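**Student:** what follows is a predicted structure for the sequence shown.
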Amino acid sequence: MINQTKNILDITGRVLNIQRYCSHDGPGIRTNVFIKGCSLRCKWCGNPESIRLKPEVSYDPKKCDGKKCSICLKAPFPEGGFYFVDGDDTKVKVNWQLAAGTTEEMVALCPTGALEMFGKTMTVGEVMDEVEKDASIYRSTGGGLSMSGGEVMLQPDFAAALLQEAHNRGINTAIETACNAPWASLEKVLPHVDTMLHDIKLMNSERHKKWTGVGNERILANFKKAYETFPNIDFIARTPLIPGVNCDDEHVLGVLEFIKPHKNVIDYELLPYHRFGLGKYESLGVVYELDDYKTPSDEVVKRFQAMIDEAFGRNRK
Amino acid sequence: MIKSLGHAGTHRRVAINVGSGFVPGTNAVVMGAAIAGGKLGWEMIGIRNGFEGLLFPERFSGGGIINLSPELIENLDPSTGGILGQAPKVDPFNAPSVNGGKKDLSDQILKRIKEEDIDALISIVSGQGLGILQKLHLKGLHTVCIPRSIENDIAATAVSFGFNSSLSVTIEMLNKAYQAARSAGKIAVVEVPGEHAGWIALQAGIAVRADAVLMPEIPCDLKNLAKRLKDKISARRPYGLVVVAEGAKLVDYQVKKDAKSSPESIPAGQVAGTVASRLQKLITAETYPLVIGAWARGGNPTATDHQLGMAYGAGSVQVLKAGQNGVMVSFMPPDIRFVPLKDAVDKVRTVPSESEFMRIAQSLGIYLGNRL
Amino acid sequence: MSKDTGRKRVAIMVGAGYIPGINAVVAGAALAAGKLGWELVGILDGFEGVLHPEKYPNGGLIDINPQVLNMDPNTGSVLGQSARIDPFNFRTINKDEMVEEVDMSDELLNKLKAEKIDAVISIVGGKGLTILYQLHRKGLNAVCVPRSIENEIASTSVSFGFNTALTFTIDMLDRARLAAKATHKIAVVEVQGEEAGWIALQAGIAVAADAVLIPEIPVDLKNVAAHLKDKMSVKKPWGLVVVAQGAKIINQPKNEEPVSSLKASLSPLATSDANSEFVIHSSGQAAQAVATGLQLRIAEETFPMVIGPWVRGGAPSAVDRQLGVAYGAGAIQALEAGKNGVMVSFVPPDIKFVPLAEAINKVRTIPAESMFFQVADSLGIYVGK
């Protein structure tokens, strides 16, 4: 339960981005609050900036003024974090190892905005002020507040507070999660959730560990317990379809088997993988591990969709 | 030149040409034939780019025909290919014509051959080429063919030239792939030449002690392959090598061919990609596909292929001298023989199931796709 | 600094990935250490052998002794290879079964002390070099042996690993050239070189390529196409273009699609360009981009080939075996001379020691006045100048 001695509006969290007019994050048109920090390390992750909890610096060479400016080469910036090379290339280069100590205050000193921080500390109040701007849209479309990331369950106090406050203001709530967290965290957050979109990435635990860093026993146990403990939440299962990893009949059928007994799992969505995260890997200095896999073909996705529609007793065109 | 008295086996002017597809060491064959023919007093000439040199001589500076004189031959480097170029990948009986339809150029070819006073044609061709030459022979062309095949899949000859070089390169590349797999801790799935037969895949696979070899002769069920790999791959040995022939077949799965991205328009890469992707979903280890294809086709001939090439070239002249026509020169160690073209055409020499190589592979623990 | 010849226990380890010749470095260090009566131990798999010795049946440290000198240089590295190269951001699964990166540098240093290791020789480049520098700042007695396939580590003229990669690349380019020649097409071959074009340029010269694209000089493909058209003719109906992995192409037409809403919902900071504003350096992309770009501007067929994956396997060349041994011995010399926090540097004909602080953040790109450019020019190889 929320610690009542602290004003709910003052509880803080590490926020990556607040995105308005989202249509794929739950019912209606929603505002999605992305928080930073994840408890898995999926090799195909399209949001590398969301993986680590701590704030990280990002760099856009196009905006850099180059050798005319040298602000980031001097204190207070971390020593050796930013440097020039000899020759024609005038842009600043980043030594990601050494630049890791860069903070919001330092980044504010960059005159062109070439340096930015991923991950701002915000209070529930500040976030809700943003979210409330679209209150009339939520009313007319059935939309509301969504939270995703990163992993929502990694900041359970902040998430619970934010979602609760949304309810206080008459706004419905949705979260997107992979549930790799202790049940205690879910227990805090789920009482304030109306819709839960949850990722089922692989049904085989050994392979799950290979591709995401941990086995899936606890994750699946969490899902099951959530389905059973919260009959009034609309659960929507999801799979990011990665060719060569999980893009096959066995996986889709396996998930359908898993969710079948639970009537509050109202749908299963497929997310065909796209490589659009790649650009951000470069700016963060992270090495992208999944290089050679292409987007799943349309026919394959259609076929899976038909299997899902059949399982849910739907007749889509 | 001495005019022919019409004796069987005496020729005045003999032409040599090369079919489509590149095989290292073709020059050695041309040399062998030119030298042997020259010694008999025959005039040896080469036609550029298959039949193009005859049909469209204006496309070639210096004309479409080369005089294979002793001086020229002396200065030829047997290790480079291509003094005679190679034919385009077009069937002269069904050539696309400018206005969209198909044209039969065969009569024109035969006419030009007569015009150029060519008595006989030695043609260095692959499986498909044999069929074309056979048809031309039936229309009156006096010809002897020399089989060239990287994959060694031409029936009626034990060893095509080009095979040894290609096998050599493939083994070298597979060694590298295996080491790269080792350092990456993954399973390399490497595609090697072999659209119709698994000779290269099998022999190279044995040489490098691959974990598995997939060939056209034995359709493979990837589930069984996955099981075998699980036994072999462990924490102590977290890497592996699977060799896949270009034409390998998978049980209950059609490999889609995508005909681009390689110099020969052979669908390179599809099989490796498919096997790697599907295999990866059945095991924990990561796979990564590699394709040897283009690299194997651009190499220097081995010493064996030099000698074999020269022997084939000289052998073709002997066969012509013996009065033969419409035959393919065949090497059945230690003899050079000849086989009627009609018996050589459309016969693919696949690896027989009782082949010694299959036995060796199995005793080395290399999975071939048949039994578990 | 005074010489320090008391008996020492030195550890040797590698950074990420395998490159041919590591065993030669180990052998060199072992020989030199043996002569001084020092003990040399190898840490398996980067830092894993020290941080997680329980994973290894015989512990995470191995004795490097005369046996090692009979090692087959073809069988990979006796030191294994590391997956987690960064002790400051060490990926672990915490007690709540959640994955996170933890700073284990203090623990690493303590464990090294507990093992009575006086100094560490680290065979690293790039990020590994910075990490070693960071550990040194925290008190580790460290010497770096620079390894780099690309030869872009500044402060040393020749890293080991470069010669092997160069030889191999030339070999492969010869094959590519034959393939292009035989089929009358233009081979576009991608070679190593994310930050510097040494491999691309030197190999390109060796095989007399038609054009060489390197990171130092961004090129406009229309100029490359024009040059190729000039060089190709009836007598030479084929071409060879060598592209470094990090080559930069300017004036590429971009397709500006608006960001789809699904994409935006999954990735808040997504941009419309699949490659974003940043240059992507992943294997195969450069060759593909150049082959496609040239194809649009030239009649002959282009086909891309990639050398990248093949370079990681193979035996070191004779030069690299000698260089490796010299570097290994040089590292021990550095320690004997009391040097700490240095990189062994080969500036022919001497071996020198450069402070780590001066070795990091420097990329050795091909200088504009390099004689290689002059040679390329006189051979008619287009490089973009």
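**Tutor:** Nice, I can see it.
**Student:** tell me the residues of the stretch 251-372 of chain B that contact chain A?
**Tutor:** B:Ala276, B:Ser277, B:Gln280, B:Lys281, B:Thr284, B:Ala285, B:Glu286, B:Thr287, B:Tyr288, B:Pro289 (CB under 8 Å from any CB of the partner chain). C-beta coordinates here come from the backbone N, C-alpha and C atoms, glycine included.
**Student:** 7 Å - rerun?
**Tutor:** B:Ser277, B:Gln280, B:Lys281, B:Thr284, B:Tyr288 (CB under 7 Å from any CB of the partner chain).
**Student:** I'd like those as CSV, with neighbour count, secondary structure and pLDDT appended.
**Tutor:** Shown next, in CSV, are those (neighbours: other CB atoms under 10 Å in any protein chain shown; DSSP: H, G, I helix; E, B strand; the rest coil; pLDDT from 0 to 100):
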residue, neighbour count, secondary structure, pLDDT
B:Ser277, 20, helix, 85
B:Gln280, 25, helix, 89
B:Lys281, 21, coil, 88
B:Thr284, 17, coil, 87
B:Tyr288, 21, strand, 82
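**Student:** of those, closest to chain C?
**Tutor:** Among these, B:Tyr288 lies closest to chain C (CB to the nearest CB), at 7.4 Å.
**Student:** count of neighbours near B:Ala226?
**Tutor:** 17 (other CB atoms under 10 Å in any protein chain shown).
**Student:** what strand or helix carries it?
**Tutor:** helix B:222-232 (DSSP states H and E).
**Student:** ok, residues contacting the helix or strand that that helix is followed by?
**Tutor:** Following helix B:222-232 in sequence order, the next helix or strand is strand B:240-245 (DSSP H and E). When contacts are defined by CB atoms under 7 Å, 6 or more residues apart in numbering or on different chains, strand B:240-245 is touched by residues B:174, B:177-178, B:181, B:187-192, B:194, B:198, B:200-201, B:204-205, B:208, B:210-216, B:229, B:232-233, B:271-272, B:275.
**Student:** please repeat the previous calculation with a cut-off of 8 Å.
**Tutor:** Outside of strand B:240-245, the residues within contact range by CB atoms under 8 Å, 6 or more residues apart in numbering or on different chains are B:174, B:177-178, B:181, B:187-195, B:197-198, B:200-201, B:204-205, B:208, B:210-216, B:225, B:229, B:232-233, B:271-272, B:275, B:279, B:285, B:287.
**Student:** and residue 7, what pLDDT?
**Tutor:** Let's take chain A. On pLDDT, A:Asn7 comes in at 91.
**Student:** try chain C instead
**Tutor:** 79.
**Student:** equivalent analysis for C:Asp4, please.
**Tutor:** 50.
**Student:** ditto for C:Leu262
**Tutor:** In this model, C:Leu262 carries a pLDDT of 52.
**Student:** go on, the one 5 residues further on?
**Tutor:** According to the model's per-residue confidence, C:Ser267 sits at a pLDDT of 51.
**Student:** biggest helix in chain C, by residue count?
**Tutor:** In chain C, assigned by DSSP state H, the helix with the most residues is helix C:162-183.
**Student:** not counting residues beside it along the chain, what's closest to C:Gly328?
**Tutor:** C:Gly28 (2.6 Å; CB to CB, 6 or more residues apart in numbering or on different chains).
**Student:** if I pick that neighbour, what's in contact with it?
**Tutor:** Contacts of C:Gly28 by CB under 8 Å, 6+ apart are C:Gly324, C:Val325, C:Ala326, C:Tyr327, C:Gly328, C:Ala329, C:Gly330, C:Ala331.
**Student:** near the third one, how many other residues are there?
**Tutor:** When counting by other CB under 10 Å, one arrives at 20 neighbours for C:Ala326.
**Student:** ok, it touching C:Ser345?
**Tutor:** No: if you go by CB atoms under 8 Å, C:Ala326 and C:Ser345 don't touch, sitting 11.5 Å apart.
**Student:** which neighbours do those two share?
**Tutor:** C:Ile351.
**Student:** which residues of the stretch 51-200 of chain C lie near chain A?
**Tutor:** Counting by CB under 8 Å from any CB, the residues of the stretch 51-200 of chain C near chain A are C:86, C:88-89, C:91, C:93, C:96-101, C:127, C:130-131, C:133-134.
**Student:** please report how far the residue of the stretch 101-250 of chain B found nearest chain A lies from A:Val245.
**Tutor:** Across the stretch 101-250 of chain B, the shortest distance to chain A (CB to the nearest CB) belongs to B:Lys230, at 10.3 Å. For B:Lys230, the distance to A:Val245 equals 17 Å [CB to CB, to the nearest Å].
**Student:** and these two? Which one has more around it.
**Tutor:** Neighbours per residue, other CB under 10 Å: of B:Lys230 and A:Val245, the larger number sits with A:Val245, 25 against 13.
**Student:** got a pLDDT number for the more buried one?
**Tutor:** On the pLDDT scale, A:Val245 gets 87.
**Student:** burial of the residue lying closest to it once chain neighbours are set aside, as a residue count?
**Tutor:** Nearest non-adjacent residue to A:Val245, counting by CB to CB, 6+ apart: A:Trp211, 5.7 Å away. For A:Trp211, the neighbour count with other CB under 10 Å is 23.
**Student:** check the secondary structure at A:Trp211 for me.
**Tutor:** helix (DSSP: H, G, I helix; E, B strand; the rest coil).
**Student:** need the contact list for it.
**Tutor:** A:Cys42, A:Lys43, A:Trp44, A:Lys201, A:Leu202, A:Ile242, A:Val245.
**Student:** same thing with C:Leu132?
**Tutor:** Per CB under 8 Å, 6+ apart, neighbours of C:Leu132: C:Val120, C:Ser122, C:Val124, C:Leu140, C:Ala142, C:Cys144, C:Leu356.
**Student:** highest neighbour count among those?
**Tutor:** Counting by other CB under 10 Å, top hit in the contacts of C:Leu132: C:Cys144 with 32 neighbours.
**Student:** so what's residue 185 closest to, chain neighbours aside?
**Tutor:** With no chain named, the answer covers chain A. A:Pro156 (3.9 Å).
**Student:** sorry, I should have been clearer: chain B.
**Tutor:** B:Pro238 (4.6 Å).
**Student:** for the one you found, report the pLDDT, please.
**Tutor:** So, for B:Pro238, pLDDT stands at 85.
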